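[1] Give me the fold of what follows.
(one chain, ligands or ions: 1)
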Amino acid sequence: MTAAQIIIRRARASEAPAIADLYVAARRRASAFVPTVHRDDETRAWVSGYLVPRLEVWVAKSRAILLGMMALDGDLVDQLYIAPAAQRRGVGNRLIAHAKMLRPARLRLYTFQRNAPARRFYESSGFVAIEFNDGSHNEEHEPDVLYEWKGTSGLGPS
Ligand SMILES: CC(C)(COP(=O)(O)OP(=O)(O)OC[C@H]1O[C@@H](n2cnc3c(N)ncnc32)[C@H](O)[C@@H]1OP(=O)(O)O)[C@@H](O)C(=O)NCCC(=O)NCCS
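    The predicted structure is shown next:
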């Protein structure tokens, strides 16, 4: 897989089961950093019944293989998961670059404070931590951090 072979497009409803498989596998792989409170069957039902039909879901594919998924909710990156076998090969970067193109003014996202790999990924992509929370507002009750990326649109000439 080379970067040029990756295409990014909106998810189709028929892809919900494959997106759910990727989501479950990526969370399991990241379980040291991403606690899970739902059973896999509950997660699959949520992906098919809520995430794909209700949010703006994008997929990264190479030929027919699903490499990653990203869900946007306004300017919030609600979900970003790369297939375990495709991690650290630039797919996350491609999806985040796509989100920046779609929302050039601003992006925000939450991640768990202990998810050090994801935090390094977002920080390497220009996101800045702007708020640390104690976890009382997420269902995992896990301390999280709000990141923000500010684009250049709206900035006048210096
Ligand atoms: C975090 C995640 C989205 C990153 O996507 P990715 O495709 O693996 O990352 P990329 O290959 O685009 O990495 C780009 C840069 O981010 C940084 N980075 C990415 N993963 C990293 C890791 N595990 N440790 C340290 N830095 C990392 C590096 O600077 C990397 O550049 P480099 O490989 O040239 O050093 C992906 O690994 C993932 O799905 N993780 C599990 C689920 C998760 O935690 N999702 C985020 C929930 S908020």
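[2] Over to the residue in the chain that the ligand sits nearest to. Which of the three states is it?
    Going by CB to the nearest ligand atom, the ligand is nearest to Gly92 of the chain, at 2.3 Å. Heads up, the C-betas are built off the backbone N, CA and C, glycines and all. Here Gly92 takes the helix state, with states given by DSSP: H, G, I helix; E, B strand; the rest coil.
[3] Wait, it touches Ala83, no?
    No: with contacts counted by CB atoms under 8 Å, Gly92 stays clear of Ala83, the gap being 10.7 Å.
[4] Find residues that contact each of these two.
    Common neighbours of Gly92 and Ala83 (criterion: CB atoms under 8 Å, 6 or more residues apart in numbering): Gly68.
[5] Count the neighbours of Ser14 for me.
    Ser14 sits with 8 neighbouring residues when counted by other CB atoms under 10 Å.
[6] That one looks like it's in a helix, true?
    Yes: assessed with three-state DSSP, Ser14 lies in a helix.
[7] Where does the residue nearest to Pro117 when sequence neighbours are not counted sit, in terms of helix or strand?
    Spatial nearest neighbour of Pro117, excluding adjacent residues (CB to CB, 6 or more residues apart in numbering): Phe33 at 6.5 Å. For Phe33, there is no helix or strand it lies in under DSSP states H and E.
[8] Flag the shaky bits of this structure, pLDDT-wise.
    For the chain, the stretches with pLDDT under 70 are 3-4, 153-158.
[9] The residue nearest the centre of it bridge partners, please.
    Against the mean C-alpha coordinate of the chain, by CA atoms, centre = their mean, the closest residue is Leu80 at 1.2 Å. With DSSP bridges as the criterion, Leu80 is bridged to Met70.
[10] Report the contact partners of Ala99.
    Going by CB under 8 Å, 6+ apart, Ala99 touches 58, 70, 72, 77, 107.
[11] Mind checking which of these land in strands?
    If you go by DSSP state E, the contacts of Ala99 have 58, 70, 72, 77, 107 in strands.
[12] which of those sit farthest apart?
    Farthest-apart pair in these is Trp58 and Leu107; separation 13.1 Å (CB to CB).
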